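Trainee: structure for this input, please:
(2 chains)
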Amino acid sequence: MATLRLKQERLGPLRRREARAGLLFTLPWLISLLVFTAYPVLGTFSLAFTEYAIVDTPRWIGLDNFRTMFQDDPAFWTAVRNSAIYAGLSVPLRLGLALGLAMLLNLGIRGIGIYRALFYLPSLVPPIAATLVFVQMFSPDYGPIDAAFQAVGLPTIDWFDDPSWSKVALVILSLWSLGVETLVFLAGLKDVPSDLIEAAQLDGASRWRRFMDVTVPMITPVILFNLVIGVIGSFQVFSQAVAVGGTTGEPLESTLMFMVLIYRNAFSYFAMGYAAALAVVLFLSVLMVTLVIFRSARVWVYYEGSQR
Amino acid sequence: MKRAEAADRIATTPPRIGSVVTVQAPAMYRIRRRLAPFLAHAMLITVAALFVLPFFWMVASSLKDNRQIFSYPITWIPDPFRWENYREALNYPNFRFLRLLGNTVFYAGGVTIGTVISSAFVGYGFARLRFPGRDLLFSLTLSTLMVPPIVTFIPTYVLFRELNLTGGYTPLILPYFLGNAFFIFMMRQFFLGIPWDLSDAARIDGADEFRIFWQIMLPLVRPALMVVAVFSILYTWHDFFGPLIYLSNQDDYPLSLGLFVFRGQRTNAWDLIMTGSVLTTVPLILVFLFTQRYFLEGVKMSGIKG
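Mentor: Residues are numbered from 1 along each chain as shown, chains lettered A, B, ... in the order given. Modelled structure (predicted):
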């Protein structure tokens, strides 16, 4: 404190005025950080060790919430499994498809603006509306997907009403709205220096080799970005899952995602303490997965100009 | 083989820098070059058709009655077109579109105004003013980007409940008037790009910081403000979780939540559910058509972080 004051006294009057203005300009955000970030984060972490039915005061119960979660709440493991399957399918498929679309857009042919807009448009559709459209479209007998399946002799699938297919249907839904990832990939592809690719071409590298050995390494930072965003997003999928299966994860808890479980405990059962404990588990899992990705990125991400 | 020879020829006679290298390509190669754009278009059109199909199905279904929706084999083009769906949806008892639209515009407007003002204000402070603790505060700001909203949700809800503010839009809008980490970061990057001479000159002329911000800086970052505005609108239009938790009166619901509740009440009214979906989506598509440039700019900005 003392050193800080000393330092301030050494500032000239102009610098002092600037510092005052700077603090004034950032003051709203400082308040927000304290009230809407620091306080609630600490709050969640401490509520996780309490029983709190919102009407009465929180009661300290130590690690009981976590014990319940791991030992006595089958819904917890169901939600973990559902979220893991969903993320495990959705993230890589979205990455691959978005990269594929970006490469098509990057071929340098005419009318790219229109295709780009068409690929981006689905990302604008509000998730609830998009989900309802997909539920309608994938309905057996009355939807175009089943009509196409029947036309080529594939069996009818009950997609959103069949517990073994409902997550796949949600993953397909997630593939519709990858406009942002596609545009980010496209920007990355445009930054790949064309002389590198031409040099490889002159050296007789095949199209595949050029892609794997020049393009992919050059866009690894963009892959990393999309991967991290994708993982964080898919762990937190909520609207789509609730629009399909409500808070019970119909059919048969197959769409009970982790966020739905948190919501159900907090706002249907008003078990705020238990919900906070679940939120802590979700946060730590996302954080861990992200850290593992960043750690591994040291090996597979290429940063131009860096010394590694 | 032939291509390798061509490559050798180029390698032995280096072209002048900037000149266009033309190689006499073998016939096969030339045909492939001509054919490639066609193949690319064919692939793009196929993929684009798949992406458009849900839009087509949504609009087509919104113009059918339930008899056509549940017809087997399926009806692709509505016959007859049932435009009444739209007239009914405008003031349908369980889905009063005009009311829901008004609420959504209010929600989106509040969040957008709050976010634009606060993130420009705070972003300016971080970019152009020196004060003790600034860099620490800024790195804290960036680290909050890694905190998923659910981690702050429960205590925030309890806080607003204790203040008796749930059941209305205050908890959904108020926090945005204090700033948003990502947009503050974005505005800061924009403000950093403005030459220092401009503000120095004004400072020498005796203008105070607020006037410099308001009269000199803000007009220069208008495109950035547009990016922030457009993404705030998109975010609130899509938001379902927030309204679901904070609002209790069906008359206050925004479109997404209204559509969800309507579907819960009229599980099989797929004609009207699809009409509602179209009506919920169309305003955003209109915004996109007029501001496409800012959407693209914003996506590029989000990628810079990576």
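Trainee: next, count neighbours for residue 34.
Mentor: Picking chain A for this. Residue A:34 has 11 neighbouring residues, counting by other Cβ atoms under 10 Å in any protein chain shown. C-beta: built from backbone N, CA, C; applies to glycine.
Trainee: meant chain B actually
Mentor: If you count neighbours by other Cβ under 10 Å, residue B:34 ends up with 9.
Trainee: so the one helix or strand it maps to, near chain A or not?
Mentor: Following DSSP states H and E, one finds residue B:34 within helix B:27-62. Yes: Helix B:27-62 is in contact with chain A by Cβ under 8 Å from any Cβ of the partner chain, via B:36-37, B:40-41, B:43-44, B:47-48, B:51-55, B:57-58, B:61.
Trainee: pull the distance from that helix to the chain's centre.
Mentor: How far helix B:27-62 lies from its chain's middle: 25 Å, per Cα atoms, centre = their mean, to the nearest Å.
Trainee: ditto for stretch B:96-115
Mentor: 15 Å.
Trainee: picking that back up, how about the helix holding residue B:34: buried residues?
Mentor: If you call a residue buried by 16 or more other Cβ atoms under 10 Å in any protein chain shown, then helix B:27-62 has these buried ones: B:40-41, B:44, B:47-48, B:51, B:53-55, B:57-62.
Trainee: is whatever helix or strand comes next after that helix in proximity to chain A?
Mentor: Per DSSP H and E, the first helix or strand lying C-terminal to helix B:27-62 is helix B:66-69. Yes: using Cβ under 8 Å from any Cβ, helix B:66-69 reaches chain A at residue B:69.
Trainee: and chain A, is the next helix or strand after helix B:66-69 touching that?
Mentor: Downstream of helix B:66-69, the first helix or strand assigned by DSSP H and E is helix B:84-90. No: Helix B:84-90 stays out of contact with chain A when judged by Cβ under 8 Å from any Cβ, the minimum separation being 13.0 Å.
Trainee: tell me the buried residues in helix B:84-90?
Mentor: Quick answer for helix B:84-90 (16+ other Cβ under 10 Å): B:85, B:88-89.
Trainee: adding distance to residue B:202 and pLDDT, write those out as a markdown table.
Mentor: A markdown table is the format used below for the buried residues of helix B:84-90 (distance: Cβ to Cβ, whole Å; pLDDT from 0 to 100):
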| residue | distance to residue B:202 | pLDDT |
| --- | --- | --- |
| B:85 | 57 | 88 |
| B:88 | 58 | 85 |
| B:89 | 53 | 83 |
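Trainee: now, among these, which is nearest to chain A?
Mentor: Nearest to chain A among the buried residues of helix B:84-90, counting by Cβ to the nearest Cβ, is residue B:89 at 13.0 Å.
Trainee: who are the neighbours in contact with the closest one?
Mentor: With contact taken as Cβ atoms under 8 Å, 6 or more residues apart in numbering or on different chains, residue B:89 is in contact with B:95, B:97, B:272, B:275-276, B:279.
Trainee: for residue A:136, see how far away it is.
Mentor: 16 Å (Cβ to Cβ, to the nearest Å).
Trainee: could you do residue A:221 as well?
Mentor: Relative to residue A:136, residue A:221 is positioned 39 Å away (Cβ to Cβ).
Trainee: higher neighbour count, the two?
Mentor: The residue with more neighbours, out of residue A:221 and residue A:136, is residue A:136; 21 against 17, by other Cβ under 10 Å.
Trainee: what about the helices in the stretch 151-300 of chain B?
Mentor: With helices called from DSSP state H, counting those that start in this stretch, the stretch 151-300 of chain B shows them at B:170-173, B:181-192, B:196-204, B:209-211, B:218-220, B:222-238, B:241-246, B:255-265, B:270-304.
Trainee: low-scoring stretches of chain B, by residue?
Mentor: For chain B, the stretches flagged by pLDDT under 70 are B:1-32, B:302-306.
Trainee: give me the residue at the spatial middle of chain A.
Mentor: Taking Cα atoms, centre = their mean, the centroid of chain A lies closest to residue A:233, which sits 1.2 Å from it.
Trainee: quick check: pLDDT value at that residue.
Mentor: For residue A:233, the model assigns a pLDDT of 91.
Trainee: checking it next. Helix, strand or coil?
Mentor: Following DSSP: H, G, I helix; E, B strand; the rest coil, we place residue A:233 in the helix state.
Trainee: count of residues packed around whatever residue of the stretch 201-308 of chain A ends up closest to chain B?
Mentor: Across the stretch 201-308 of chain A, the shortest distance to chain B (Cβ to the nearest Cβ) belongs to residue A:225, at 2.6 Å. Residue A:225 has 21 neighbours, counted by other Cβ under 10 Å.
Trainee: and it, what helix or strand is that in?
Mentor: Per DSSP H and E: residue A:225 is located in helix A:220-235.
Trainee: taking helix B:270-304 as reference, get the angle to that helix.
Mentor: Following axes from the mean of the first three to the mean of the last three Cα atoms, to 10 degrees, one obtains 140 degrees for the angle between helix A:220-235 and helix B:270-304.
Trainee: show me the strands in chain A, by range?
Mentor: Under the criterion DSSP state E, strands of chain A are mapped to A:50-51, A:59-60.
Trainee: dump those strands into JSON lines; add distance to chain B as well.
Mentor: Shown next, in JSON lines, are the strands of chain A (distance: least, Cβ to the nearest Cβ, whole Å):
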{"stretch": "strand A:50-51", "distance to chain B": "11"}
{"stretch": "strand A:59-60", "distance to chain B": "15"}
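Trainee: right, so of these, which gets closest to residue B:286?
Mentor: Ranking these by proximity to residue B:286 (Cβ to Cβ) places strand A:50-51 first, at 47.5 Å.
Trainee: now for that closest one, which elements pack on it?
Mentor: Contacts defined by 3 or more Cβ pairs under 8 Å, 6 or more residues apart in numbering or on different chains; DSSP states H and E place strand A:50-51 against strand A:59-60, helix A:64-67, helix A:272-300.
Trainee: pairing partners for the shortest one, with directions?
Mentor: Sheet partners assigned to strand A:59-60 using DSSP bridges are listed as strand A:50-51 (antiparallel).
Trainee: mean confidence for the partner strand?
Mentor: Averaged across strand A:50-51, pLDDT comes to 94.
Trainee: list of residues touching that strand?
Mentor: With Cβ under 8 Å, 6+ apart as the test, strand A:50-51 has contacts from A:58-61, A:64-65, A:271, A:273-274, A:276.
Trainee: does residue A:62 touch residue A:48 like I think?
Mentor: No: Residue A:62 lies out of contact with residue A:48 (Cβ atoms under 8 Å); the separation is 10.4 Å.
Trainee: any idea which helix is longest in chain A?
Mentor: In terms of residue count, the longest helix belonging to chain A (DSSP state H) is helix A:74-105.
Trainee: just checking, what packs against that one?
Mentor: So helix A:74-105, by 3+ Cβ pairs under 8 Å, 6+ apart, packs with helix A:112-120, helix A:166-176, helix A:179-190, helix A:220-235, helix A:258-263, helix B:27-62.
Trainee: cool, thanks, signing off.
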